[in-house]
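Visitor: Have a look; sequence and predicted model below, questions after that.
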Amino acid sequence: MNETNRAATTNKQNLSADIVKFIKQKIIVGELDPGDRIVETTLARELGVSQTPIREAIRQLAGEGIVTLVPKKGPVINTLSERDVFEHYSFRSVLEGMAIRLAVQNASNKDIKHLEQFYEDMKKKLDDDTIESLQQDSGYIHHYIYMLSKHSVLVSMLHIISFRNQLVNRIVGRKFSKEKEVSEHGELIEALKQGDPDHAEKVMREHIRRAYKDYMDIGPVNRLELAQNEWI
């Protein structure tokens, strides 16, 4: 492959990757909902591109399980089933339990102080009426714990599940108060400070279990199917 063809291929891949991010963002912010059909011509017109990179992006989304290619209908955004949500949270509890165990061993005093200061700034936002949600702040604390694990496979798994995590949080986060976000995440920093990996893992896994229970209580769920998903 000559340099010109290689550059063209790279540009095409980058464009498709940008379109994937664009579609995911539209889903996260609620401009596209589970069950909606993606109309390739409309999307191509909106972005000012041909349908070729749109199709490539949709194939990638299908590979990630985000859309399904329905005959005679086209790409449709998948709806999360109760089983999907159960598997997501139970998988997170294992990943993040391990992440915080390792974070306890790796965190320096500087790391702890950084999280403590971040948390203090987070609490100050409770009185700021211009800030509607602290969901991003909560996400940062979890992300920082992953980074403190210094475990490359764990971090790569975070990237893999991050979209589904955002999609679930889109549903639950709308009904979470800022006070709840603050009260739920101080315990993770305190567990890091105590320096006991077993205790920290227990706190994290219970934290994720409560998040799953919150989804069961306020999410769009089928109670009969939920009853078959016992927490690990």
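Guide: Good, I have the coordinates.
Visitor: And the strands in this structure?
Guide: 67-70, 74-77 (DSSP state E).
Visitor: which parts of stretch 157-164 are buried?
Guide: 157-158, 163-164 (16 or more other CB atoms under 10 Å). Where you see a C-beta, it was placed from the backbone N, CA and C, and this is true even at glycine.
Visitor: ok, of the residues you listed, which one's closest to Thr41?
Guide: Phe163 (24.7 Å; CB to CB).
Visitor: How about that closest one, nearest residue that isn't a chain neighbour?
Guide: Lys24 (5.6 Å; CB to CB, 6 or more residues apart in numbering).
Visitor: burial of the one you found, as a residue count?
Guide: If you count neighbours by other CB atoms under 10 Å, Lys24 ends up with 19.
Visitor: Correct me if wrong: Ile131 contacts Asp137.
Guide: No: between Ile131 and Asp137 there is no contact under CB atoms under 8 Å: 9.3 Å.
Visitor: Which ones among the buried residues of stretch 157-164 lie within helices?
Guide: 157-158, 163-164 (DSSP state H).
Visitor: how about JSON lines for the residues you listed, with distance to Ile58 added?
Guide: Formatted as JSON lines, those follow (distance: CB to CB, whole Å):
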{"residue": "Met157", "distance to Ile58": "24"}
{"residue": "Leu158", "distance to Ile58": "25"}
{"residue": "Phe163", "distance to Ile58": "15"}
{"residue": "Arg164", "distance to Ile58": "18"}
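Visitor: what about Ile131 and Asp137, which has more around it?
Guide: Asp137 (19 against 14).
Visitor: and Gly65, what does it touch?
Guide: Gly65 sits next to Asn78 when contact means CB atoms under 8 Å, 6 or more residues apart in numbering.
Visitor: now the one 3 residues further on
Guide: The neighbourhood of Thr68, defined by CB under 8 Å, 6+ apart, consists of 62, 75-76, 78.
Visitor: What is the lowest-pLDDT residue among the residues you listed?
Guide: By pLDDT, Asn78 ranks lowest within those, coming in at 91.
Visitor: Do I have it right that Gln105 meets Asp198?
Guide: No: the pair Gln105 / Asp198 is not scored as a contact, 11.8 Å apart, by CB under 8 Å.
Visitor: anything in contact with each of Ile131 and Asp137?
Guide: Lys125.
Visitor: Kindly provide the distance from the residue lying closest to Leu15 once chain neighbours are set aside to Tyr146.
Guide: Leaving out its chain neighbours, the residue that sits closest to Leu15 by CB to CB, 6+ apart is Pro53, at 4.6 Å. As judged by CB to CB, to the nearest Å, Pro53 and Tyr146 stand 31 Å apart.
Visitor: returning to that earlier point: and which of the ones in helices among the buried residues of stretch 157-164 is nearest to His185?
Guide: Of these, the one sitting nearest to His185 (CB to CB) turns out to be Leu158, at 16.7 Å.
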